[in-house]
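A.B. asks: Return atomic coordinates for the entry below.
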Amino acid sequence: MSTVIAEQRDAMGTAGLYLFAFSAWSLRPLAVVGCLLMLWALWADRAACWPRLRRDPLTWVLLAIAGYAVVYAPVAALGGPDAWEQQVKHAARVAYYAGVIPVAWYLRGDEGRILRTWLIASAGFLLTRLFFIGELDNLDGPWWEARLGLGLEPISFAYYAGTVLLALLVFAGRCLRFLNGRRLVLAIAALVVLATLLFEGVVLSQTRAAWLALLPLLLLVGAVGIARALRTRDVRALVALKAAVVLAAGVLLLALPMIGERLAMEQHTLAALQAGDFDRIATGDARGHPNSIGTRVVMLREGLARWREAPLFGHGPAAAKLTLRDSDVFLLSRFNDYHNVQLDILVRYGAVGLGLFTAALLLTLGGFYRGWRTGALSGDTMLFLGCVMALLLASTLTNVRLLNWDFRYWVFLVAGPMASYRYYCRP
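C.D. replies: Coordinates of the predicted model:
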């Protein structure tokens with residue numbers, strides 16, 4: 001009887017995992033339900049789960065992050081009672097990162113489960129974007145020059161579409177392996193068209209940071225794919241790669257004027273950075289148009305000054321928004337964060353907070369290494385997870401999505417598989 005109950009709980013947790021994955025990037029209420037199902041199953045089966053969870057330091061670091069944020073909120077609110085609600089809200093959003101634990105647990109360190117989870121997440125992302133395809137009728141300018149989000153902020157859309165594009169390119173060989181004849185031709189055509197659409201979506205997002213982060217990863221995946229196809233003499237994979245490259249080149253040619261304009265908008269700021277003349281860097285140009293890069297540089301300088309005021313513990317969970325609100329620079333007072341996750345954490349939680357987040361990252365990567373060393377991860381899965389983790393980390397350098405639910409669930413999808421190997425693979 002106890003075995004049947006345990007199997008039912010495990011099935012509930014697995015169902016929650018897949019429901020969460022499907023809705024992670026678009027359907028927040030369903031994603032929350034999926035997380036709650038995993039938490040319920042984990043709690044119900046705590047007698048079996050907790051002994052293994054408590055043996056790994058990652059569990060304690062994630063719980064320490066959650067506990068630190070929750071305890072700090074009322075302490076910070078004492079210094080500014082009018083902002084207590086924001087302190088509590090921002091602390092709760094950081095505490096949610098402990099949700100990596102149930103996601104990792106129900107992935108089981110099983111590559112099959114990990115790939116199914118990512119397949120479901122990608123399907124959910126693509127299907128939901130179809131409901132927002134009407135945005136194409138309301139663009140500001142021609143479709144090849146407009147900034148696209150399809151139901152998401154353009155920045156978020158760029159990184160998530162880039163993630164799905166990486167998955168498509170890395171696992172194309174698996175998709176085509178057992179197909180022949182007409183089915184093979186149709187599958188190659190479908191994969192190439194989908195890859196081109198995703199690539200076009202990244203371009204139309206006009207997110208320069210995403211372009212720069214994704215480009216070397218696409219080159220790496222392409223190089224690995226070509227080398228593998230040549231080594232194994234896989235003609236179908238080579239044909240698919242060539243077709244994808246041709247279509248991507250066509251998309252780039254169409255969008256080249258927009259890309260050139262976007263990259264050249266702040267050459268004066270880049271020249272000042274190269275010369276080390278930070279005093280010439282401003283948040284706007286002479287005509288009053290905001291400078292994206294210049295704003296970030298000014299933010300970094302102001303954020304570092306704020307952190308030095310409370311280097312160890314920071315100013316509190318909502319400190320980024322509150323300190324920017326009081327900034328002497330008018331444009332900065334309109335922002336809620338410092339556009340750099342590491343600096344944002346320093347201002348909010350100080351060196352202690354950044355140390356905890358860094359420890360969680362290193363332990364997660366340790367799980368990734370453990371999965372590779374024990375042979376539990378195949379080469380293409382390892383390449384995909386490594387590239388997506390690199391893309392996620394790159395996104396934190398120029399934008400702060402730390403408190404946004406869609407970014408948090410992206411972290412769950414990337415860190416969860418890596419962390420699962422800590423719980424299920426012996427060192």
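
A.B. asks: and the gap between the nearest residue to residue 220 once chain neighbours are set aside and residue 165?
C.D. replies: Residue nearest to residue 220 in three dimensions, not counting chain neighbours: residue 387, with 6.9 Å by Cβ to Cβ, 6 or more residues apart in numbering. The way it works is simple: take the backbone N, C-alpha and C, and place the C-beta from them, glycine included. Separation of residue 387 from residue 165 (Cβ to Cβ, to the nearest Å) stands at 10 Å.

A.B. asks: related to what we said a few turns ago, next SSE after the stretch of helix or strand the residue nearest to residue 220 belongs to?
C.D. replies: Taking DSSP states H and E as the definition, one finds residue 387 inside helix 379-395. Using DSSP H and E, the helix or strand that follows helix 379-395 in sequence is helix 405-424.

A.B. asks: Measure how that following helix sits relative to helix 379-395, angle-wise.
C.D. replies: 140 degrees (axes from the mean of the first three to the mean of the last three Cα atoms, to 10 degrees).

A.B. asks: Can you give me the buried ones in the helix or strand where residue 167 lies?
C.D. replies: Assigned by DSSP H and E, residue 167 belongs to helix 154-170. The neighbour-count check on helix 154-170 (16 or more other Cβ atoms under 10 Å) flags 154-170 as buried.

A.B. asks: What is that helix packed up against?
C.D. replies: Judged by 3 or more Cβ pairs under 8 Å, 6 or more residues apart in numbering; DSSP states H and E, the packing partners of helix 154-170 are helix 111-130, helix 181-204, helix 208-232, helix 379-395, helix 405-424.

A.B. asks: repeat that with 6 Å
C.D. replies: helix 111-130, helix 181-204, helix 208-232, helix 379-395 (3 or more Cβ pairs under 6 Å, 6 or more residues apart in numbering; DSSP states H and E).

A.B. asks: which stretches of this protein have low pLDDT?
C.D. replies: Residues of the chain that meet the criterion pLDDT under 70 lie in 1-2, 136-137, 139-146, 234-291, 426-427.

A.B. asks: can you list the domain ranges for it.
C.D. replies: Domain ranges of the chain: 57-138+267-427, 145-264, per automatic domain parsing.

A.B. asks: And the contacts of the one helix or strand residue 37 maps to?
C.D. replies: Using DSSP H and E, residue 37 maps to helix 28-44. Residues from elsewhere that reach helix 28-44, judged by Cβ atoms under 6 Å, 6 or more residues apart in numbering: 9, 12-13, 16-17, 19-20, 23-24, 49, 99, 102, 106, 405, 409.

A.B. asks: what's the answer for stretch 334-352, then?
C.D. replies: Residues contacting stretch 334-352 (Cβ under 6 Å, 6+ apart): 296, 299, 303, 306-307, 311-314, 317, 319-321, 324, 353-354, 357, 396, 399-400, 402.

A.B. asks: Tell me which entries of those residues lie within helices.
C.D. replies: Those of these mapping onto helices are 296, 299, 303, 306, 307, 319, 320, 321, 324, 353, 354, 357, per DSSP state H.

A.B. asks: any chance you could map the helices in the stretch 1-150 of the chain?
C.D. replies: Ranges of helices within the stretch 1-150 of the chain are 2-23, 28-44, 46-54, 57-79, 84-95, 100-107, 111-130, based on DSSP state H, counting those that start in this stretch.

A.B. asks: Can you check which of those helices gets nearest to residue 218?
C.D. replies: With Cβ to Cβ, the closest approach to residue 218 among the helices of the stretch 1-150 of the chain belongs to helix 111-130: 16.7 Å.

A.B. asks: Run the angle between that closest one and helix 2-23 for me.
C.D. replies: 40 degrees.

A.B. asks: Would you mark the buried spots in helix 111-130?
C.D. replies: Across helix 111-130, burial judged by 16+ other Cβ under 10 Å covers 111, 113-118, 120-122, 124-126, 128-129.

A.B. asks: now that helix, how far from the chain's geometric center?
C.D. replies: 15 Å (Cα atoms, centre = their mean, to the nearest Å).

A.B. asks: Which residue is the nearest non-sequential neighbour of residue 378?
C.D. replies: Nearest non-adjacent residue to residue 378 (Cβ to Cβ, 6+ apart): residue 111, at 6.4 Å.

A.B. asks: any idea how far residue 181 is from that neighbour?
C.D. replies: Note on residue 111: its distance to residue 181, by Cβ to Cβ, is 29 Å.

A.B. asks: Please apply the same query to residue 59.
C.D. replies: Going from residue 59 to residue 181 by Cβ to Cβ gives 50 Å.

A.B. asks: Between those two, point out the one with more neighbours.
C.D. replies: Between residue 59 and residue 181, residue 59 has the larger neighbour count (other Cβ atoms under 10 Å), namely 22 against 7.

A.B. asks: Looks like that one contacts residue 53 (just checking).
C.D. replies: Yes. With contact defined as Cβ atoms under 6 Å, residue 59 and residue 53 form a contacting pair (4.8 Å).

A.B. asks: picking up where we left off before, check which element follows the helix holding residue 167 along the chain.
C.D. replies: Moving toward the C-terminus from helix 154-170, the next helix or strand (DSSP H and E) is helix 172-176.

A.B. asks: Packing partners of that next one?
C.D. replies: Secondary-structure packing of helix 172-176 (3+ Cβ pairs under 6 Å, 6+ apart): helix 235-264.
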